[in-house]
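Q: Whatever this is, show me its structure:
(4 chains)
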Number of protein chains: 2
Amino acid sequence: MSLQMNQSLSVDCAVFGFDGRSLKVLLVERRYCDSAARLDRLKLPGAMILENETLPAAASRVLAEATGLREIYLKQMEIFSDPDRVRGEELEWINRYHGIRTERVVTVGYYALVKLDARVIAYTDDKGAQWVEVEAIQRLAMDHKQILSAALTHLCREMLQSPVAFELLPRKFTIRELQNLYAAVLGIEIDNRNFRKKILGSGFLAPTGEYEQGVAHKPALYYMFDKAAYKRAVKAKLRLGFINNWRY
Amino acid sequence: MSLQMNQSLSVDCAVFGFDGRSLKVLLVERRYCDSAARLDRLKLPGAMILENETLPAAASRVLAEATGLREIYLKQMEIFSDPDRVRGEELEWINRYHGIRTERVVTVGYYALVKLDARVIAYTDDKGAQWVEVEAIQRLAMDHKQILSAALTHLCREMLQSPVAFELLPRKFTIRELQNLYAAVLGIEIDNRNFRKKILGSGFLAPTGEYEQGVAHKPALYYMFDKAAYKRAVKAKLRLGFINNWRY
DNA sequence: AACCTTATCGTATTTTTTACGTCAAGCCCC
DNA sequence: GGGGCTTGACGTAAAAAATACGATAAGGTT
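A: Model prediction:
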């Protein structure tokens, strides 16, 4: 065995969005595709890393191209380094397309959270990309299903520990929407009365004074995430001990 | 900007050990070193990835070389991809040493947990490596201090969520040792009586029947980690909801 | 024997989680 | 327009977990 020199580095991003009901992920058509009918013709957006580019920069670039957004919540998760994860015609296509001669492609998985609004959807529609319900995805190109699964695992864990949920919601949202998001992502049922108590008790939600309109029930109050209050709370907790319990 | 082709992938491992008092990390002399007096002459063990080798395999290889151990607890954390993280004479040395012509080295950080026993220490001593108290480390070669800091952060988080602590302790240990480990890594004080209640109440510790010998106080009972009980508990919790709270 | 350290058991208080009752506000349908 | 339905919003009580801390025992040291 010798050092591997003809290798390439890429990033692939699982971009999550929430439409109020279920969790969606952004998928694009693979550019190389011998048969349009292939079940795995969809993939996560991704790209090769450029010269003098860090991985986070490459991921941001991919995100900007795919969604038109900057300042997206973006987090690195795992690396997928199976020497055979890209091979055969797939690898040939990559070499042809880029005019290079690589023997393996190691990819770094990222996941991103976006606020699904009309502008983003218009942009992605225009690009030919689509938002697919995560639950419904059976297979993807190459090992992208595996990357997506890893992203989901990371998202679940992070949702339980930090307020990333707000990255998936519009700036103003109702408590019920927040609850639905947690329930959908974590796959659990949540008692609305206790959820409200807990979330309001944390002091991280600031009421806007605006109410829902045109809904077939008592209209709910819109809230915003109070980032400053959250940071204060984190600071206070850090002084004691750490997360959650184990304080003593 | 164009695709980066002349790049290399490496792994660097922060190998942690616990001697009963403080957390240590395994450091080796950098092989390239123009001045032996340099303050940053120590580094984390690492290596370039080989052809047809996955990253976890490369990390295992590094670990086996550095500690003589297989079956080590090993976890990927972050990637360090700053194009300039290795450059100048450092980069030249790498090219000369490996007989290659790389322009940048992207490294994947791993952290590993080992049981610090006499055999491991003899092995690492023999290799010229050393176990250094984490708190005391001021600087390391290249960006290895940064990698170490990241590893510490990951370790802290993981200690709070999963029973990785036992990877750092001998097979048989006292509750006080376990408590000291938590206190040292997390930097908190822990009430022994409550700690004991909590940890024994979890049912993850199996008493061995053996007692400490030759200590200047009432000898403590040795326990072992009951992995099977832990797995059962995890399963039971997963059925309800998820980690900790948020169950409803 | 007096003293110190640590193990080990226990109890009381506080905080958090969980379950669930109740009513109000809006829309829909007949 | 009134009954039915859904969801918001407030509240209370029981259960569980976290925390503080008292008391005794078992070893060694001085």
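Q: Shouldn't A:Tyr182 be within a helix?
A: Yes - per DSSP: H, G, I helix; E, B strand; the rest coil, A:Tyr182 lies within a helix segment.
Q: what's the single longest helix in chain A?
A: helix A:144-159 (DSSP state H).
Q: wait, does it contact DNA strand C?
A: No - using CB under 7 Å from any atom of the strand, helix A:144-159 stays clear of DNA strand C, coming no nearer than 14.9 Å. Placement of C-beta: from N, CA and C, glycine included.
Q: Check which helices and strands that helix sits against.
A: Here helix A:144-159 touches strand A:7-18, strand A:73-80, strand A:104-113, helix A:175-186, going by 3 or more CB pairs under 8 Å, 6 or more residues apart in numbering or on different chains; DSSP states H and E.
Q: and the angle for the second one with strand A:104-113?
A: Read it as strand A:73-80. 150 degrees (axes from the mean of the first three to the mean of the last three CA atoms, to 10 degrees).
Q: same for strand A:73-80, what does it pack against?
A: With contacts taken as 3+ CB pairs under 8 Å, 6+ apart, strand A:73-80 sits against helix A:55-67, strand A:104-113, helix A:144-159, strand B:73-80.
Q: roughly how far is whatever helix or strand comes next after that strand from the heart of the chain?
A: Next helix or strand after strand A:73-80 toward the C-terminus (DSSP states H and E): helix A:88-98. With CA atoms, centre = their mean, to the nearest Å as the basis, helix A:88-98 stands 27 Å off its chain's centre.
Q: relative orientation of helix A:88-98 and strand A:7-18 in degrees?
A: Using the same axes, to 10 degrees: helix A:88-98 against strand A:7-18 is 100 degrees.
Q: can you count the residues close to the residue of chain A found nearest DNA strand D?
A: Distances between chain A and DNA strand D by CB to the nearest atom of the strand are smallest at A:Arg176, namely 2.7 Å. Residues lying near A:Arg176 (other CB atoms under 10 Å in any protein chain shown) number 15.
Q: what residues are up against the nearest residue to A:Gln179 once chain neighbours are set aside?
A: In this structure, A:Gln179 finds its nearest non-sequential neighbour in A:Phe195, 4.9 Å apart by CB to CB, 6 or more residues apart in numbering or on different chains. Going by CB atoms under 8 Å, 6 or more residues apart in numbering or on different chains, A:Phe195 touches A:Ile175, A:Leu178, A:Gln179, A:Tyr182, B:Tyr248.
Q: okay but the first one is in contact with A:Phe204, surely?
A: What that stands for is A:Ile175. No - the criterion here is CB atoms under 8 Å, and A:Ile175 misses it with A:Phe204 at 11.7 Å.
Q: more neighbours, those two?
A: A:Phe204 (20 against 17).
Q: For the more buried one, which non-adjacent residue is spatially closest?
A: Leaving aside its sequence neighbours, A:Phe204 sits nearest to A:Tyr230 (CB to CB, 6+ apart; 4.9 Å).
Q: Please identify which helix or strand holds that neighbour.
A: A:Tyr230 is part of helix A:227-240, with elements assigned from DSSP H and E.
Q: Show me how the record splits chain A into domains.
A: The record's domain parsing of chain A by automatic domain parsing lists A:7-159, A:171-240.
Q: what pairs with A:Lys24 across the strands?
A: A:Gly17, A:Glu133 (DSSP bridges).
Q: touching chain B at all, stretch A:91-106?
A: Yes - Stretch A:91-106 is in contact with chain B by CB under 8 Å from any CB of the partner chain, via A:His98, A:Ile100, A:Thr102, A:Glu103, A:Val106.
Q: returning to that earlier point: and the contacts of the longest helix of chain A?
A: Residues outside helix A:144-159 that contact it (CB under 8 Å, 6+ apart) are A:12, A:14, A:16, A:25, A:43-44, A:75, A:77-78, A:80, A:107, A:109, A:111, A:113, A:134, A:137-140, A:164-165, A:182, A:185-186, B:242-243.
Q: In PDB, could you pull the C-alpha coordinates for that helix?
A: C-alpha atoms of helix A:144-159 as PDB (Å, rounded to 0.1, in the frame of the first residue of the first chain):
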ATOM      1  CA  HIS A 144     -26.300   9.800  -0.200                       C
ATOM      2  CA  LYS A 145     -29.100   7.900   1.600                       C
ATOM      3  CA  GLN A 146     -26.500   7.000   4.200                       C
ATOM      4  CA  ILE A 147     -25.400  10.600   4.400                       C
ATOM      5  CA  LEU A 148     -29.000  11.700   4.800                       C
ATOM      6  CA  SER A 149     -29.500   9.200   7.600                       C
ATOM      7  CA  ALA A 150     -26.400  10.400   9.400                       C
ATOM      8  CA  ALA A 151     -27.700  14.000   9.000                       C
ATOM      9  CA  LEU A 152     -31.000  13.100  10.500                       C
ATOM     10  CA  THR A 153     -29.400  11.500  13.500                       C
ATOM     11  CA  HIS A 154     -27.300  14.500  14.100                       C
ATOM     12  CA  LEU A 155     -30.300  16.800  13.700                       C
ATOM     13  CA  CYS A 156     -32.300  14.800  16.300                       C
ATOM     14  CA  ARG A 157     -29.600  15.000  18.800                       C
ATOM     15  CA  GLU A 158     -29.000  18.700  18.300                       C
ATOM     16  CA  MET A 159     -32.700  19.500  18.500                       C
END
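Q: Okay, buried residues for it please.
A: Residues of helix A:144-159 classed as buried: A:His144, A:Lys145, A:Ile147, A:Leu148, A:Ala150, A:Ala151, A:Leu152, A:His154, A:Leu155, A:Glu158, A:Met159 (neighbour count, 16 or more other CB atoms under 10 Å in any protein chain shown).
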